[in-house]
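**Student:** just a sequence and a predicted model for now, questions to come.
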Amino acid sequence: MKRTPIRKVSEKTKLLNKDYHRLWNYLLDNRAHNLCERCGSSYILSVHHIVFRSHGRIDSKENVIILCQDCHDKAGASLISKEELFAIVKERNDSTVQD
């Protein structure tokens, strides 16, 4: 039986993952309050990149939104516009600054 070699994770990837998790925790606690930022559900939350990292955007609070599984699936299928998601993020970021 062949074993798949374990891929070594680079230091850069480790740093990116650490920063990503720090951002995820900040957004959950301070902006989303453990709820989907679109519909308010608390069911299976995840980070959605509005403009994907593979398309040149970075992990930033202006480019990510916390979504439940249903909203995340809709956003991934382009059933929710990027403009709507950016508007939600802008409003939520502005209210977080005022708190």
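**Tutor:** Received, thanks.

**Student:** the nearest residue to Glu62 once chain neighbours are set aside: what's it in contact with?
**Tutor:** Closest residue in space to Glu62, ignoring its immediate chain neighbours: Val89 at 6.3 Å, by Cβ to Cβ, 6 or more residues apart in numbering. Yep, even glycine has a C-beta here, placed from its N, CA and C like the rest. Val89 is in contact with Glu37, Ile50, Lys61, Glu62, Asn63, Val64, Ile65, counting by Cβ atoms under 8 Å, 6 or more residues apart in numbering.

**Student:** just among those, which is most surrounded?
**Tutor:** Neighbour counts for these (other Cβ atoms under 10 Å) peak at Ile65, which has 27 neighbours.

**Student:** looking at strand pairing, list the partners for that residue.
**Tutor:** Going by DSSP bridges, Ile65 is paired in beta bridges with His48.

**Student:** that one and Leu45 touch, don't they?
**Tutor:** No - judged on Cβ atoms under 8 Å, Ile65 makes no contact with Leu45 at a distance of 10.5 Å.

**Student:** buried sites along the helix or strand where Glu84 lies?
**Tutor:** Assigned by DSSP states H and E, Glu84 belongs to helix 82-98. Within helix 82-98, the residues scored as buried using 16 or more other Cβ atoms under 10 Å are Leu85, Ile88, Val89, Arg92.

**Student:** on the pLDDT front, check the third one for me.
**Tutor:** In this prediction, Val89 carries a pLDDT score of 94.

**Student:** now do the one 5 residues further on
**Tutor:** pLDDT, Asp94: 84.

**Student:** where do the strands sit along the protein?
**Tutor:** For the chain, the strands defined by DSSP state E cover 46-49, 64-67.

**Student:** could these go into CSV alongside mean pLDDT and distance to Arg31?
**Tutor:** Below are the strands of the chain laid out as CSV (pLDDT from 0 to 100; distance: least, Cβ to Cβ, whole Å):
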stretch, mean pLDDT, distance to Arg31
strand 46-49, 89, 11
strand 64-67, 92, 7
